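*Asks:* Predicted structure and sequence below. I'll ask about it afterward.
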There are 2 protein chains.
Amino acid sequence: MDIREIAKRARVSTATVSRTINRIPTVNPQLAKRVWNVVEELGYYPNTQARALVSGRSRIFGLIISEITNPFFPEIVQVFERIAVQHHYEIMLTSTGNDPTRMETAVRRMIERRVEGVAIMTFGMEEVLLEDLKLRKVPMVFVDVGPARPRVSNIRIDYLHGIRQAVQHLAALRHQRIAFISGPLHLKSAEARKQAFLSSMAEIGLEADRTLVVEGTHTIEGGIAAFGKLLDGPTRPTAVLCSNDMTAMGVMRKAYEEGIQIPADLSVIGFDDIRLAQFVLPALTTVQMSQAELARLAFNALLTELQREAPSPTGTEYVLKTHLVLRESTRLVSGNGESPRKN
Amino acid sequence: MDIREIAKRARVSTATVSRTINRIPTVNPQLAKRVWNVVEELGYYPNTQARALVSGRSRIFGLIISEITNPFFPEIVQVFERIAVQHHYEIMLTSTGNDPTRMETAVRRMIERRVEGVAIMTFGMEEVLLEDLKLRKVPMVFVDVGPARPRVSNIRIDYLHGIRQAVQHLAALRHQRIAFISGPLHLKSAEARKQAFLSSMAEIGLEADRTLVVEGTHTIEGGIAAFGKLLDGPTRPTAVLCSNDMTAMGVMRKAYEEGIQIPADLSVIGFDDIRLAQFVLPALTTVQMSQAELARLAFNALLTELQREAPSPTGTEYVLKTHLVLRESTRLVSGNGESPRKN
DNA sequence: AAGAAATGAGCAAACGTTTGCCAGCATCGC
DNA sequence: GCGATGCTGGCAAACGTTTGCTCATTTCTT
């Protein structure tokens, strides 16, 4: 059941049917009515691939994330999808697990489907893999890569704002031995968060003890391991700031196992503010980076680039702010703030 | 840069290029080599929409879930996607939030993209909305709807097995006042779980106190509310079995607020075994329903139906077993098991 | 050695739309 | 009343593939 069938039954040409369906205003309302009736009656749905083929527009955006099972991402997906649908776009989703091979095949599949743009929400991926997309002049949007380039936008996260708030909050609660568990440091974003921590500490005259800065993996397991390392280290922190909420959950888990009470014995702050953060016990004080806003920015970046006639020579940069949200996992440092000895 | 370009440069016909790319064995290896070289050199990627148009196969499966932000679903999506890619399928994902309108537009979009099949992993959706898909003879797979029909498969979840284990586990720990927080009862699957609970109780001669069976919403918030109702009720449970893990997390949250210790004062069991269940504090004893397995079953159901020449008149039914996994949130009933009075 | 069968490659017709161009007709200005 | 000007709607050519046929060439059969 195609457009010709409709045309025949409505006694018009296929051109008119096409124009009717696309709501092109030049068609006589009476004819349009005839067409719509037939469309209705037959339950006709236009074939998107034919449309895409001739119009050269697939109406698909690619969305690359690192792991859908990481609670940080579903919200991004949700919002991105919702906006996409509103704009009559479909989204092609892949989680690459930060595996270059999967990344590569994902890019290939996207090109084959002729995506009109792709959002790479993976927080620091080897850009080499995206060469093919650049070649084909597909608009892209990254988060946290260097300066934007023609046709590729960048969303810069203002880590400093939120992390500085977190550090000062901790300082206000008289914490001095503040630990930081970073993400995997080969990710630019992880490095940036760490730097933000370091400079926030310096700013208020607290020296960041080297042994209190350890690397995690942005996972619960990583948090458990990292906090274990901290506990085994020479000085025990009274507070720990984590590079993401999953890591913080790992810390909480490990603390639970070791009989360390949060927030009585230890304050912990997360990063991201995933929805779960508010339901964890105790609810997690964390630095919010709005996933919804991120998704919105990314989609708009793509759309904007698409309707720009000449690509701006420099590309556009967007900024997303972060800020602290207070909940239950931080408290005034206990005792005199002296280092409790390990047993 | 299309297939004609390749053909010209390799001095063959487009037909040969097409056959080469599709690895049709009748083409002379020498020609094939020439073709591949040009393909390589030019970085040619075939246009999927053109392919789909002429071949009549979109190589897309629809995947409908209720809410991607519900931690139960990402794993399904992940596994489903992975298998799909292996089979050179793309997936078109939508979360409907159980909203009929969104469901409707989702179905429409899927038909327009000419999906070859759709998996409805939504645990009980009004089937009316899928009429259009049935009309077009698109294979479908449901979970927990009635008997399978031609072209639509059904995955039946064997709730009884796991829930019976859970109830007996609780009974073995001397619990008598066992509460049950169901899902929203308009969902068939929620109803089925409740029935499984009731019959499991009956089986071991425990009467299920009516005031101990309350309805939740399959969310944390619902769990909080439901457990609140339980606490306000005439008899306090010593254990509560939840219709999903989110609900259980709500119960844990509320218990935390009320100063009720888990598992010391209250045992709680979840359902689903989402990954988070093992990281919650204390780790949640729960009935596992493997999301990976579910995804696998669904994909295979679709694929099988697709390569069946004549649709089996009856449709196929698959079964997914559930079973209890023991963790930290259950314990021998405290005290004498007598009802502690509310204060 | 000659005809039959098998093999391999090309021609061209689809697939279901959109859209540039043209023609028919009505309207308008004078 | 007649030519010029606008509107509408139709014709047909794309879009980039796949694939049924056909035909030339090679290999087999006897």
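*Replies:* On my side now, so go ahead.
*Asks:* any idea which helix or strand carries the spatially closest residue to residue A:144 that is not a sequence neighbour?
*Replies:* The spatial neighbour of residue A:144 that comes closest, neighbours along the chain excluded (C-beta to C-beta, 6 or more residues apart in numbering or on different chains), is residue A:189 at 4.4 Å. Glycine gets a C-beta too; all of them are placed from N, C-alpha and C. In the assignment (DSSP states H and E), residue A:189 maps to helix A:188-203.
*Asks:* just checking, what packs against the helix or strand following that helix?
*Replies:* Downstream of helix A:188-203, the first helix or strand assigned by DSSP H and E is strand A:213-215. Helices and strands in packing contact with strand A:213-215 are listed as strand A:178-182, helix A:188-203, helix A:220-232; criterion 3 or more C-beta pairs under 8 Å, 6 or more residues apart in numbering or on different chains; DSSP states H and E.
*Asks:* near chain B at all, the first one?
*Replies:* To tie it back to what came earlier, the one meant is strand A:178-182. No - Strand A:178-182 stays clear of chain B (C-beta under 8 Å from any C-beta of the partner chain), getting no nearer than 15.9 Å.
*Asks:* Beta-bridge partners for the closest residue to residue A:92 other than its chain neighbours, please?
*Replies:* Of all residues not flanking residue A:92 in the chain, residue A:62 sits nearest, at 4.9 Å (C-beta to C-beta, 6+ apart). Per DSSP bridges, the residues bridged to residue A:62 are residue A:92, residue A:118.
*Asks:* burial of residue A:62, as a residue count?
*Replies:* 24 (other C-beta atoms under 10 Å in any protein chain shown).
*Asks:* which residues does the most centrally placed residue in chain A contact?
*Replies:* Chain A has residue A:121 as the residue nearest its centroid, 4.8 Å off, counting by C-alpha atoms, centre = their mean. Shown in contact with residue A:121 (C-beta atoms under 8 Å, 6 or more residues apart in numbering or on different chains): A:63, A:64, A:65, A:66, A:73, A:76, A:143, A:294, A:295, A:298.
*Asks:* Could you work out the end-to-end span of stretch A:173-180 for me?
*Replies:* 17 Å (C-alpha to C-alpha, to the nearest Å).
*Asks:* er, stretch A:180-196 I mean
*Replies:* So stretch A:180-196: terminal residues 11 Å apart, C-alpha to C-alpha.
*Asks:* what's the spacing between that stretch and its chain's center?
*Replies:* When distances are taken as C-alpha atoms, centre = their mean, to the nearest Å, stretch A:180-196 is centred 16 Å away from the chain's centroid.
*Asks:* Then stretch A:120-134?
*Replies:* 14 Å.
*Asks:* next one: stretch A:273-285
*Replies:* The answer for stretch A:273-285 is 18 Å, by C-alpha atoms, centre = their mean.
*Asks:* sorry, back to before: any idea how far the residue nearest to residue A:92 lies from DNA strand D?
*Replies:* Using C-beta to the nearest atom of the strand, to the nearest Å, residue A:62 is found at 18 Å from DNA strand D.
*Asks:* Equivalent analysis for residue A:136, please.
*Replies:* Counting by C-beta to the nearest atom of the strand, the separation of residue A:136 from DNA strand D is 12 Å.
*Asks:* Isn't that residue up against residue A:108?
*Replies:* No - Residue A:136 lies out of contact with residue A:108 (C-beta atoms under 8 Å); the separation is 11.6 Å.
*Asks:* Next one: whatever residue of chain A ends up closest to DNA strand D, what pLDDT does it get?
*Replies:* In chain A, the residue that lies nearest DNA strand D is residue A:28 (2.7 Å; C-beta to the nearest atom of the strand). What the model reports as pLDDT for residue A:28 is 93.
*Asks:* re the thing from before, in strands only, show me the contacts of residue A:121.
*Replies:* Of the contacts of residue A:121, the ones assigned to strands by DSSP state E are A:63, A:64, A:65, A:143.
*Asks:* what is the last one paired to in the beta sheet?
*Replies:* This means residue A:143. Those that pair with residue A:143 in a beta bridge, by DSSP bridges, are residue A:155.
*Asks:* what's the neighbour count on residue A:203?
*Replies:* Neighbours of residue A:203 (other C-beta under 10 Å): 13.
*Asks:* what sits against it?
*Replies:* By C-beta under 8 Å, 6+ apart, the neighbours of residue A:203 are residue A:164.
*Asks:* Distance-wise, check it relative to DNA strand C.
*Replies:* 56 Å.
*Asks:* Model confidence at that residue, what's the number?
*Replies:* 95.
*Asks:* Over to residue A:196?
*Replies:* pLDDT at residue A:196 comes out at 96.
*Asks:* and what of residue A:337?
*Replies:* pLDDT, residue A:337: 43.
*Asks:* quick revisit: wait, doesn't the residue nearest to residue A:92 sit right on residue A:117?
*Replies:* Yes - taking contacts as C-beta under 8 Å, residue A:62 lies within contact range of residue A:117: 7.2 Å.
*Asks:* any shared contact partners between these two?
*Replies:* By C-beta under 8 Å, 6+ apart, no residue touches both residue A:62 and residue A:117.
*Asks:* quick revisit: export the contacts of residue A:121 to JSON lines and tack on neighbour count and pLDDT?
*Replies:* Shown next, in JSON lines, are those (neighbours: other C-beta atoms under 10 Å in any protein chain shown; pLDDT from 0 to 100):
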{"residue": "A:63", "neighbour count": "27", "pLDDT": "98"}
{"residue": "A:64", "neighbour count": "24", "pLDDT": "96"}
{"residue": "A:65", "neighbour count": "22", "pLDDT": "95"}
{"residue": "A:66", "neighbour count": "23", "pLDDT": "91"}
{"residue": "A:73", "neighbour count": "25", "pLDDT": "96"}
{"residue": "A:76", "neighbour count": "24", "pLDDT": "97"}
{"residue": "A:143", "neighbour count": "23", "pLDDT": "91"}
{"residue": "A:294", "neighbour count": "22", "pLDDT": "97"}
{"residue": "A:295", "neighbour count": "24", "pLDDT": "98"}
{"residue": "A:298", "neighbour count": "29", "pLDDT": "97"}
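*Asks:* Let me see the contact set for the nearest residue to residue A:280 once chain neighbours are set aside.
*Replies:* Spatial nearest neighbour of residue A:280, excluding adjacent residues (C-beta to C-beta, 6+ apart): residue A:249 at 6.2 Å. For residue A:249, the contact set (C-beta under 8 Å, 6+ apart) comprises A:220, A:223, A:270, A:276, A:280, A:284, B:279.
*Asks:* Residue A:249 falls within a strand, correct?
*Replies:* No - looking at residue A:249 with DSSP: H, G, I helix; E, B strand; the rest coil, it is helix, so not inside a strand.
*Asks:* quick one: it and residue B:242, what's the gap?
*Replies:* Distance of residue A:249 to residue B:242, computed by C-beta to C-beta, to the nearest Å: 20 Å.
*Asks:* cool, residue A:233 as well?
*Replies:* Residue A:233 is 39 Å from residue B:242, by C-beta to C-beta.
*Asks:* So those two - more neighbours on which side?
*Replies:* Between residue A:233 and residue B:242, counted using other C-beta under 10 Å, the more crowded position is residue B:242 (33 against 16).
*Asks:* which residue packs closest to the more buried one, ignoring adjacent ones?
*Replies:* residue B:248 (4.1 Å).
*Asks:* Isn't that neighbour up against residue B:223?
*Replies:* Yes - with contacts counted by C-beta under 8 Å, residue B:248 reaches residue B:223, the gap being 6.5 Å.
*Asks:* which residues of chain A score low on pLDDT?
*Replies:* Counting by pLDDT under 70, chain A shows low-confidence ranges at A:125, A:148, A:335-343.
*Asks:* That one against DNA strand D: which residues are in contact?
*Replies:* A:11-16, A:26-28, A:31, A:50, A:53-54, A:56 (C-beta under 7 Å from any atom of the strand).
*Asks:* and the residues you listed, which are buried?
*Replies:* Neighbour counting with 16 or more other C-beta atoms under 10 Å in any protein chain shown marks A:12, A:16, A:27, A:31, A:50, A:53 as buried within the residues of chain A next to DNA strand D.
*Asks:* Thank you kindly, that will do.
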